[in-house]
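> here you go, sequence then predicted model.
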Amino acid sequence: MMKPDVDLPAPKHGLLLAHYLTVRNVAVSRGFYADVFGGEVVMEENPAMVKVANSWIIMNPGGGPTPDKPGVTLEAPPSGDRASSFLNVRVADIAAFYSHAVARGAEFLTAPIDRGSELRCYLRDPDGYLIEVGQSTGLLRGITAETSADSG
């Protein structure tokens with residue numbers, strides 16, 4: 001159900017970027033993004049929309065081809081350790097965010113790690129989507145991360 005007078009991802013000019021996730025359980029995923037990221041549930045389903053800071057996460061179950069995406073089937077990612085993309089979230093205080101998220105049940109791959117240019121850590125959402133959470137530190141002073149094959 002949509003709340004009255006909501007801030008939908010519908011720009012009056014130019015464009016706006018939102019992220020669509022194919023999810024297994026809309027209620028679980030919607031709750032995760034609302035609780036862990038402090039998002040505002042704008043629509044509960046069909047599709048679910050959660051406004052997080054200045055962006056939107058849009059969620060719906062998977063499905064087969066449609067006239068506007070012939071030959072394309074949407075499905076949540078298979079479980080495993082491979083990812084081809086991830087959501088990048090920047091925070092002002094990674095220690096505070098990490099504590100908040102852990103208190104709400106988020107499970108991180110590691111605690112925040114200092115990479116010189118930033119502090120960062122990763123977690124997965126209920127469907128296995130990878131999310132990077134980072135705080136720029138050295139980067140603000142011109143320090144960049146070392147380049148390596150695994151620097152992703």
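Happy to help now that I have it.

> what mean pLDDT does the longest helix seen in the chain get?
Identified as the longest helix of the chain according to DSSP state H is helix 26-37. Per-residue pLDDT over helix 26-37 has a mean of 98.

> show me which parts of it are buried, residue by residue.
Val26, Ser29, Arg30, Gly31, Phe32, Tyr33, Ala34, Asp35, Val36, Phe37 (16 or more other C-beta atoms under 10 Å). C-beta coordinates here come from the backbone N, C-alpha and C atoms, glycine included.

> how near is the fifth one to Tyr129?
According to C-beta to C-beta, to the nearest Å, Phe32 and Tyr129 sit 10 Å apart.

> also the third one?
In this structure, Arg30 lies at 14 Å from Tyr129, with C-beta to C-beta as the measure.

> residue boundaries of the helices in this structure?
26-37, 94-103.

> okay, the residue lying farthest from the centre of the chain: pLDDT?
Relative to the C-alpha centroid of the chain, counting by C-alpha atoms, centre = their mean, Pro67 is the outermost residue, at 27.7 Å. pLDDT for Pro67: 96.

> Glu44: how many residues sit nearby?
15 (other C-beta atoms under 10 Å).

> of the helices of the chain, which is nearest Pro77?
helix 26-37 (12.3 Å; C-beta to C-beta).

> quickly list what the residue positioned nearest the centre of the chain is bridged to.
Centroid-nearest residue in the chain, with C-alpha atoms, centre = their mean: Leu87, separated by 4.5 Å. In this entry, Leu87 is beta-bridged to Ile131, by DSSP bridges.

> that's all I had, so thanks and see you.
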